[in-house]
Structure formats: structure tokens, C-alpha cells
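>>> sequence and predicted structure, then a few things I'm wondering about:
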Amino acid sequence: MPCELGLAKEFFDKEIDLLSAHYPGLNWHRFQQELKDLFLRTHYRVGSDSESRAALEEFFSQVRMGVPFEYISNRAYFYRSEFYVNEDVLIPRSETESLVEIAASFLKKSIDKNKVLDLGTGSGCIAISIAMEVGRALEVTASDISDKALEVTRINYFRHQFLMPKKTSFKTIKSDRFSNLEEGFDLIATNPPYIKEKADRGLVHDQVDMHEPHLALYLKEAEYDQWFKELFDSSFKALNPDGILLMEGHENHLSNLAPLAEQSGFNHVKILPDLQGSNRFLQGIKLQR
Ligand SMILES: C[S@@+](CC[C@H](N)C(=O)[O-])C[C@H]1O[C@@H](n2cnc3c(N)ncnc32)[C@H](O)[C@@H]1O
């Protein structure tokens, strides 16, 4: 490793401008940490000097292209756990952790509410974190339109299932929004794609645009409001009375979507901030009639 570290420092000093553009705020300490982690814990574990050098060169070529460290190491931290990730799923974001907190607090207070849907589950980080947090067995459905994303969800479920309360049930379903889903949920959590493909794209960092799945990020503006209206209509229908919808959304668009949720029948529709104070979540209740 000392020899590799010397080469890595040389590479880092030479490529600092490129690296800073790809990884804002990157410093030598973080770079070194990523490299050490790779050599210690991942598929970069190597034997001979030549294998070690080849692994280092592969790492250099990936960082030159700006591949997020989470995809290089195949792991990302979310809430209280480490998740397997690859380029088929969004890298879980820290702001989404508040969605888990709100969901878990609702479920802890309502002990008769056990049926949870995470729509657009990706890595499964929301569904799995909720299942581990609530402290009693839940019936969890994790759905996504992408088969490849669901393979990642299942890897993460297998890795975390022993940390879930006994009798927790967890199923993955391929579904375009509600096309293959049954009804009868007490809580629907969703972090759907919510960036307008053209209007908002300029605000998206190049590294995200180049490496994260567009299916997880973008919606076409012409379909945007209708896409969410259909999501709200189907969510309302799929919820049990007194069930709750919790949705992450775009800070610039959530206030336009709130009236659509009300039109679908939701009551007490609220927009909640993330930890940075930006409008980030929409909550609506399906009241008992
Ligand atoms: C923003 S990512 C969220 C992933 C994960 N839940 C998270 O919070 O990190 C959106 C997810 O929704 C999925 N998705 C996109 N369109 C969908 C649709 N029409 N129906 C269901 N899932 C969809 C994507 O494949 C992606 O996994």
C-alpha cells in the first residue's frame, strides 16, 4: 500500500483540477480514504504487485471519468446502514433520510398500520430502513419499473433481512407506478423521479447526469403534472382509510403539485422541508369517510 499511496498522491496532484470538477470539495485526505477502503474491503483486493498496479490504474481511469466513489466501491451509506449500489440505481441521498424518519414515526404511533409500499425503491434504501427502524414486523412491498434496480433491492434485502424484526415480510414487484400493485397499504413512501428533463437539467451536476440512471432522475415536462396526478389518484385508491402518502419531490415544483394531491382526495396536504430548509416532501392523509 505505501507504494500505491505514492503513485496515488502523484496522480492526485497532477489531476487535481479535473478531480475537483468531478468531485466538488475533494481533498487528498478523502481521496486517500476512498483508495484505502477499496484496497481493504472490495473487489480491488489484490495479490501480486502487478495485480495491485492494474487495480490502481483501473481506479484512476474511473475517477478520471468522474464515476461516483459509491459506484466504484459498490456501497453507499443511508440512514443507519450501508447499501450495495451500482449504476442501475440512484445513490441514496441524505435528504431522503427524513422521509424514513417521518414514515417510521407515523408507523410507531399507529400500531395497527403495518402495510407499507415503497414505490420506485431503487436500492431499497427507504423500504429496508423503514423495516429495520419501526421495531415490529411490517408487510413491505418494494416496487420499481426497472428489473435491474430490483436486483439491487433484493441484494440489499438479503444483506439486511436478519436485522429486521422476525416475521417481517418483504416483496419486490416490477411495476410502472401502480400497474402491477394491489391495494390496501397503510403507508406509501415514494421518492420518484422528479427533475424536469429540460427546465431543471442545468441545475444537475454533470457527474450525476453522466453516471446515475436517467430513469431515476428525469421526467418530461409535458407529462410532469399529469404523471403526478395519476400517481396521487392511484395512491389514494391504494391506501387504507387513515393511510398516509409521503413523497419526496423537487423544491421548485412541490407547491404546484399539492393542489393536485388535494384534487385526488387527500386531506391535510402539507409540504415539509428537508434539513437544509428546502421544500422536499409532500404528505397527504386519506381520511376515513
Ligand atoms: C429518485 S429514484 C429513488 C430510488 C430510491 N427510492 C432512493 O430514494 O434512493 C426513483 C426510482 O423510481 C424508479 N421509477 C422511475 N419511473 C418509475 C415508474 N413509472 N414506476 C415505478 N418506478 C419508477 C426508478 O427506476 C428509480 O429507481
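Yes, it's here. For clarity, every value in this text was computed on a predicted model and none was experimentally measured. Residues are numbered from 1 along each chain as shown.
>>> and the ligand, is the helix or strand where Thr172 lies touching that?
For Thr172, the enclosing helix or strand under DSSP states H and E is strand 169-174. No. Contact of strand 169-174 with the ligand (C-beta under 6 Å from any ligand atom) is absent, the minimum separation being 8.6 Å. No exception for glycine: its C-beta is placed from N, CA and C like everyone else's.
>>> which elements pack onto whichever helix or strand comes after that strand?
Counting by DSSP H and E, the next helix or strand C-terminal to strand 169-174 is strand 185-190. If contacts are counted by 3 or more C-beta pairs under 8 Å, 6 or more residues apart in numbering; DSSP states H and E, strand 185-190 sits against helix 97-109, strand 115-119, helix 125-133, helix 224-238, strand 239-248.
>>> the ligand is nearest to which of those?
Among the helices and strands packed on strand 185-190, helix 125-133 comes nearest to the ligand, with 5.0 Å by C-beta to the nearest ligand atom.
>>> check contacts around the residue nearest the centre of the chain.
The centre of the chain sits closest to Pro92, judged by C-alpha atoms, centre = their mean, with a distance of 3.5 Å. Neighbour list for Pro92: Ala76, Tyr77, Phe78, Phe83, Val85, Gly122, Ser123, Cys125 [criterion: C-beta atoms under 8 Å, 6 or more residues apart in numbering].
>>> again, only this time at 6 Å
Residues counted as contacts of Pro92 (C-beta atoms under 6 Å, 6 or more residues apart in numbering) are Ala76, Phe78, Ser123, Cys125.
>>> residues of the stretch 101-250 of the chain that sit close to the ligand?
119-123, 125-126, 144-146, 149, 175-177, 191-193, 215-216.
>>> let's see it at 5 Å
Gly120, Gly122, Asp144, Ile145, Ser146, Ala149, Asp176, Arg177, Asn191, Pro193, Leu215, Ala216 (C-beta under 5 Å from any ligand atom).
>>> buried ones from the residues you listed, can you make that a PyMOL selection?
Those of these that count as buried under 16 or more other C-beta atoms under 10 Å are selected in PyMOL with:
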select buried, resi 120+122+144+145+146+149+177+191+193+215+216
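>>> thinking again about what came up before, which one of the contacts of Pro92 sits closest to Gly277?
Phe78 (20.9 Å; C-beta to C-beta).
>>> on that earlier part again, so can I have TSV of the contacts of Pro92 showing neighbour count, pLDDT and secondary structure?
Shown next, in TSV, are the contacts of Pro92 (neighbours: other C-beta atoms under 10 Å; pLDDT from 0 to 100; DSSP: H, G, I helix; E, B strand; the rest coil):
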residue	neighbour count	pLDDT	secondary structure
Ala76	21	96	strand
Phe78	22	98	strand
Ser123	27	98	coil
Cys125	32	98	helix
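>>> just the pLDDT for Thr42.
Listed pLDDT for Thr42 reads 54.
>>> repeat for the one 10 residues further on
Per-residue confidence for Ser52 comes out at a pLDDT of 75.
>>> what does Gln226 give?
pLDDT at Gln226 comes out at 98.
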